[in-house]
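Asker: only geometry, no sequence info:
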């Protein structure tokens, strides 16, 4: 082989090697691009998840803020109604105390009278639910004794808190029977541990013959509400202590025992 042919062969080999490296380099570039795209998708997914998480957190904060504002209106409304009366309390007084805009009030309540009814509903329902929780810790199984226990517990709480008694006045049954308000504000008192459910289930399981169990429960609550108001505040016609045995005897008769 001549010297020139030898060098030509070397040059051709170098070109081939260079071309192969070029191909390898190009291939690596494509792989690198692919990896970059994958990284970009991962990062985009992370950003999307982060944004979704932030939106969820913001939504939760908005809901907490919303509930907080409504609760402040309820709390301050109760304080003002019980200290200066509903007639002397304006919506402006309430929102000032609750530190919310006046427009915020109307997002939740039609007027101050509806606010009063909602507060009575919540307060009276809480009284009965607390009494039921106490009952569940006892070993009382007799149906009429269970009802008497609940009534007695409510009366004792109202006797301790005369301000609450005056506010509720004779509307103790509002939280149990005012379905319009209960439905409107999604204040669900239809669970199995509510007073109404306990009463209706008790009547059924004990095979007590009542023409209209709902009407009977309504009359019991109204009787307790009206008589307790007078007995506790004015000791008329008797003190509450003296009146209790008479009241409970009449309730047992109404239940059918």
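Answerer: Looks like it arrived, so ask away. Given the structure is predicted, the values throughout are model-derived calculations rather than measurements. Numbers count the residues shown, from 1 in each chain.
Asker: lowest confidence element among the helices and strands of this protein?
Answerer: Using mean pLDDT, DSSP states H and E, the weakest-scoring helix or strand in the chain turns out to be helix 179-184, at a mean of 49.
Asker: Quick one: name whatever helix or strand follows that one.
Answerer: helix 195-205 (DSSP states H and E).
Asker: Okay, buried residues for that following helix please.
Answerer: By neighbour count on 16 or more other Cβ atoms under 10 Å, the buried set for helix 195-205 is 195, 196, 198, 199, 202, 203. Where you see a C-beta, it was placed from the backbone N, CA and C, and this is true even at glycine.
Asker: contact partners of the following helix or strand past that helix?
Answerer: The helix or strand immediately downstream of helix 195-205 is helix 213-234, counting by DSSP H and E. For helix 213-234, contacts defined as Cβ atoms under 8 Å, 6 or more residues apart in numbering pick out 147, 151, 154-155, 158-159, 162, 165-166, 168-173, 176-177, 195-196, 199-200, 203, 210, 236-240, 243, 247, 250-251, 254-255.
Asker: Compute the inter-axis angle for helix 213-234 and helix 195-205.
Answerer: With axes from the mean of the first three to the mean of the last three Cα atoms, to 10 degrees defining the directions, helix 213-234 sits at 130 degrees from helix 195-205.
Asker: helix or strand right after helix 213-234?
Answerer: helix 240-255.
Asker: Now do the buried residues in that following helix.
Answerer: Residues 240, 243, 244, 247, 248, 251, 255 are the ones in helix 240-255 that count as buried (16+ other Cβ under 10 Å).
Asker: who's in contact with the third one?
Answerer: Residue 244 makes contact with 152, 155, according to Cβ under 8 Å, 6+ apart.
Asker: From residue 227, how far off is it?
Answerer: 10 Å (Cβ to Cβ, to the nearest Å).
Asker: thinking again about what came up before, in the buried residues of helix 240-255, find the pair that's most separated.
Answerer: Using Cβ to Cβ, the buried residues of helix 240-255 span at most 21.1 Å, a distance reached by 240 and 255.
Asker: Next one, pLDDT for residue 59 please.
Answerer: Residue 59 is assigned 53 on the pLDDT scale.
Asker: for residue 37, same thing?
Answerer: Reported pLDDT for residue 37: 59.
Asker: so where's the stretch 151-257 of the chain uncertain?
Answerer: 175, 178-193, 257 (pLDDT under 70).
Asker: Show me what counts as buried in the one helix or strand residue 116 maps to.
Answerer: Counting by DSSP H and E, the element that carries residue 116 is helix 112-135. Under the neighbour-count criterion of 16+ other Cβ under 10 Å, helix 112-135 has 112, 115-125, 127-129, 131-132, 135 buried.
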